[in-house]
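Q: Fold the following and give me the result.
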Amino acid sequence: MPHSFSRRAFVGTAASYGRILGANDRIQVGQIGCGHRASGHRRMLKLSAQTDPNFDLRSVCDLWSVNRERAAADAEKLFGKRPRTFKYSEEMLADPALDAVMIGTGDHQHARILAEVVRAGKDCYCEKPMANTLEDAKLARNTVLAGKQVVQMGSQWLSDPYQQRVREIVRSGKLGKIVSISQSWNFNGPRWHAPREPDIAAIREADTDWKRWLLGRPARPFDPRVYFEFRISKDFSGGITDQWFSHGCGLAHFYLDTFIPDDIVANGGIFAWHDARDNPDTFSCLCTFQEKQVLYSYSTTFGSGYGDHTILRGTRGTLYSPGGEGSPQWWYVPETSSGWRTNRVFELQAGKVKPEPVTIAGRSEIPAVDQSDNLKDHTDDWFRCMRSRQTPNGSIQTGFAHSVAVVMANRSYREGKKMYWDRKNEQIVDRNGSQ
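A: Residues are numbered from 1 along each chain as shown. The predicted model follows:
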C-alpha cells in the first residue's frame with residue numbers, strides 16, 4: 001500500500017480547523033494510499049452512501065502511478081465521477097475544499113501521515129495499527145489531542161452492534177467478575193506473501209518514490225517485495241501483531257473499559273511458511289490488566305484454520321464466539337454453581353442449561369461467524385461524528401492503546417523478555433525497568 005508523506009510540516013492556523021459540516025453539506029473525502037485496503041475503504045464509503053449520500057470522493061493520492069490510476073478508475077465506477085490524483089500528500093492536502101482523508105498506507109506510515117493530515121486541518125480515518133513504534137504513537141495522539149479534528153481509527157469492530165452488545169452484557173454484571181479473555185484467530189496459508197504477485201513484477205523504482213516510502217526507516221535499496229509485502233518484514237511491521245492483535249487487544253480494551261495491558265509476554269516463530277518472511281507465522285502472547293484483574297491471551301497461526309474463538313469468562317457466566325476476528329456470532333452460557341465442599345457460593349438449581357444466542361434489537365437471527373472487513377457501521381459513525389463533531393467509536397485514545405499493546409508484543413517477541421507498561425511515565429520497560 002504505497003503512500004505519500006509530506007516533506008514539510010503543516011502549521012496550524014484558525015483556518016486549519018476546517019469548516020463546520022452541516023447535515024446537508026457535501027463532505028469532500030480524499031484517500032492517501034491506494035492499495036488493497038484502500039479499495040475496501042471505497043467499498044465502505046459506497047455502503048455508507050445508503051445512510052449519508054452527501055459526500056464526494058474528491059481525490060486520491062499514492063506514490064505509485066499505477067495505484068493512483070487504478071484507484072481513480074475504481075472510484076469513477078463506484079461514484080460516477082473521477083477523482084483528482086496526486087503523487088504527494090502535501091499537494092492533495094493543500095486543497096482548501098478537502099474536508100477529510102482516509103489513510104490506507106503501510107503499517108509504519110500511518111501515524112506520521114495522520115499527524116500530517118490533522119495539522120492540515122482535515123478530519124481523518126486512519127487504518128490500523130495507528131503506530132508500531134511508541135514514538136510515533138505519541139506523535140499521532142498528541143497531534144490529534146492538540147487540534148479539533150474528528151479522527152476515526154480503522155478498528156471497525158468497535159462499531160459493530162454485536163460487539164457493542166457484548167460490552168453491554170459485560171457492563172451489566174450478568175457475567176459476574178470477568179477473570180479472563182482468550183482469543184484464537186487463525187488461517188491456513190502463506191498470508192501476505194504471494195510469489196507471483198503481478199504488482200511486484202510490474203513496479204519500477206522510477207514510477208514511485210522509494211525514499212519517501214521508507215518514511216524515516218533506515219535507508220536500503222529499492223525492494224519491490226518489501227514495498228508490497230511489508231507485513232512480513234520486521235523492519236516495517238510485526239505482521240500478526242500489527243494486523244490481527246491490534247484488533248484483538250482493541251476489543252479486549254473495549255469489552256473491559258480499560259486501556260493497555262500492564263504486561264505482555266510473547267512467543268512464536270516461523271513454523272509453517274519458510275518463505276520470504278522474517279515475521280512469525282505462529283504467535284501467542286499473554287497479558288494482564290491489573291486494575292481489572294483479568295488475564296488476556298491471544299494467539300494466531302497461519303498453519304491451521306481450525307478452532308477460531310473468543311471467550312470472555314466470568315464468575316457467573318461466559319460469552320463465547322465460535323469465530324475469528326470480528327465474528328458477530330456470540331453465545332451466553334450461565335454458571336449454575338460455585339463452591340468447594342462446605343464453601344458454597346451459589347447454586348442455581350438450574351439443571352442442564354443450553355447456550356443462548358446473543359441478539360440485538362431488531363434482529364432475531366443468529367449471524368454467521370464471518371463478516372466483511374468493510375463494515376458500513378464504522379464509516380457511518382465517522383460521517384455522523386464529522387457532522388456533529390462528537391468523538392467516534394474508534395477514538396484517538398483507542399488507537400494509542402492498541403498501538404502501545406502492539407509495540408509491547410513486538411518487543412517481547414523479538415527481545416525474549418516480558419514487557420511492562422509504565423503508566424506514570426508512559427514508557428515500555430522490562431523487569432529491570434530498562435526501556
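Q: In three-state terms, label residue 30 for me.
A: Following DSSP: H, G, I helix; E, B strand; the rest coil, residue 30 is assigned to strand.
Q: Just list whatever residues bridge to it.
A: Counting by DSSP bridges, residue 30 is bridged to residue 59, residue 101.
Q: what's the neighbour count on it?
A: Residues lying near residue 30 (other C-beta atoms under 10 Å) number 25. For the C-beta atoms, the positions are set from N, CA and C on the backbone; glycine is no exception.
Q: Please apply the same query to the one 5 residues further on.
A: Counted with other C-beta under 10 Å, residues neighbouring residue 35 total 21.
Q: Tell me the spacing between it and residue 215.
A: In this view, residue 35 and residue 215 are 15 Å apart by C-beta to C-beta, to the nearest Å.
Q: wait, residue 85 sits on residue 60?
A: Yes - the criterion here is C-beta atoms under 8 Å, and residue 85 meets it with residue 60 at 5.7 Å.
Q: Report the buried residues of stretch 254-264.
A: By neighbour count on 16 or more other C-beta atoms under 10 Å, the buried set for stretch 254-264 is 254, 255, 256, 258, 259, 260, 261, 262, 263, 264.
Q: And stretch 199-210, by the same measure?
A: 199, 200, 203, 208, 209, 210.
Q: Identify the residues contacting the last one.
A: When you say that, I think you mean residue 210. 222, 227 (C-beta atoms under 8 Å, 6 or more residues apart in numbering).
Q: Need the overlap of contacts for residue 85 and residue 60.
A: By C-beta under 8 Å, 6+ apart, the residues touching both residue 85 and residue 60 are 68, 71, 72.
Q: so where does the second one fall, helix or strand?
A: The one in question is residue 71. Secondary structure assigned from DSSP states H and E places residue 71 in helix 65-79.
Q: so after that helix, what's the next helix or strand?
A: Assigned by DSSP H and E, the successor of helix 65-79 is strand 84-86.
Q: Which residue ranges of the stretch 51-200 of the chain form helices?
A: Secondary structure of the stretch 51-200 of the chain by DSSP state H, counting those that start in this stretch: the helices cover 65-79, 89-93, 110-119, 134-146, 161-172, 198-202.
Q: so which of those helices is the most packed in?
A: Mean neighbours per residue, mean count of other C-beta atoms under 10 Å, is largest over these for helix 110-119, with a mean of 27.
Q: Now do it and helix 134-146, the angle between them.
A: 20 degrees (axes from the mean of the first three to the mean of the last three C-alpha atoms, to 10 degrees).
Q: Check which helices and strands helix 110-119 sits against.
A: helix 89-93, strand 100-103, strand 123-126, helix 134-146 (3 or more C-beta pairs under 8 Å, 6 or more residues apart in numbering; DSSP states H and E).
Q: Need the ones you listed in JSON lines (columns: distance to residue 338 and mean pLDDT).
A: Output for the helices and strands packed on helix 110-119, formatted as JSON lines (distance: least, C-beta to C-beta, whole Å; pLDDT from 0 to 100):
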{"stretch": "helix 89-93", "distance to residue 338": "57", "mean pLDDT": "97"}
{"stretch": "strand 100-103", "distance to residue 338": "48", "mean pLDDT": "98"}
{"stretch": "strand 123-126", "distance to residue 338": "44", "mean pLDDT": "98"}
{"stretch": "helix 134-146", "distance to residue 338": "41", "mean pLDDT": "98"}
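Q: TSV for these, including distance to residue 428?
A: Below are the helices and strands packed on helix 110-119 laid out as TSV (distance: least, C-beta to C-beta, whole Å):
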stretch	distance to residue 428
helix 89-93	29
strand 100-103	24
strand 123-126	22
helix 134-146	6
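Q: For residue 153, which of the ones you listed is the nearest?
A: strand 123-126 (5.9 Å; C-beta to C-beta).
Q: which residues sit against that closest one?
A: Against strand 123-126 from outside (C-beta under 8 Å, 6+ apart): 18, 41, 99-103, 110, 113-114, 117-118, 140, 149-154, 379, 382, 386, 399.
Q: same deal with stretch 45-59?
A: 23-31, 42, 75, 78-79, 81, 83-86, 92, 95, 97-98, 102, 374, 376, 379-380, 383-384.
Q: you'd agree residue 305 is up against residue 186?
A: Yes - proximity of residue 305 to residue 186 meets the contact threshold set by C-beta under 8 Å, at 5.3 Å.
Q: Can I get the longest helix belonging to the chain as PDB, trimmed to CA atoms?
A: Using DSSP state H, we find that the single longest helix of the chain is helix 396-415. Only the C-alpha atoms of helix 396-415 are listed here, as PDB (Å, rounded to 0.1, in the frame of the first residue of the first chain):
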ATOM      1  CA  ILE A 396      -7.500   8.500  19.200                       C
ATOM      2  CA  GLN A 397      -7.300   7.000  22.600                       C
ATOM      3  CA  THR A 398      -8.300   3.600  21.300                       C
ATOM      4  CA  GLY A 399      -5.600   4.000  18.600                       C
ATOM      5  CA  PHE A 400      -3.000   4.900  21.100                       C
ATOM      6  CA  ALA A 401      -3.900   2.000  23.400                       C
ATOM      7  CA  HIS A 402      -3.800  -0.700  20.700                       C
ATOM      8  CA  SER A 403      -0.500   0.800  19.300                       C
ATOM      9  CA  VAL A 404       1.200   0.500  22.700                       C
ATOM     10  CA  ALA A 405       0.000  -3.100  23.100                       C
ATOM     11  CA  VAL A 406       1.300  -3.900  19.600                       C
ATOM     12  CA  VAL A 407       4.700  -2.400  20.400                       C
ATOM     13  CA  MET A 408       4.900  -4.300  23.700                       C
ATOM     14  CA  ALA A 409       4.000  -7.600  22.000                       C
ATOM     15  CA  ASN A 410       6.600  -7.000  19.200                       C
ATOM     16  CA  ARG A 411       9.300  -6.100  21.700                       C
ATOM     17  CA  SER A 412       8.500  -9.100  23.900                       C
ATOM     18  CA  TYR A 413       8.700 -11.500  20.900                       C
ATOM     19  CA  ARG A 414      11.800 -10.000  19.400                       C
ATOM     20  CA  GLU A 415      13.800  -9.400  22.700                       C
END
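Q: by how many degrees do it and helix 110-119 diverge?
A: Going by the same axes, to 10 degrees, helix 396-415 makes 160 degrees with helix 110-119.
Q: other SSEs contacting helix 396-415?
A: Against helix 396-415 (3+ C-beta pairs under 8 Å, 6+ apart) you get helix 134-146, strand 151-153, helix 246-256, strand 263-269, strand 282-289, strand 419-422, strand 427-429.
Q: in the protein, which residue is closest to the centre?
A: By C-alpha atoms, centre = their mean, the chain has its centre lying nearest to residue 128, at 3.2 Å.
Q: For that residue, give me its contacts.
A: 110, 153, 154, 155, 242, 246, 247, 250, 399, 402.
Q: Fine by me, we can end here.
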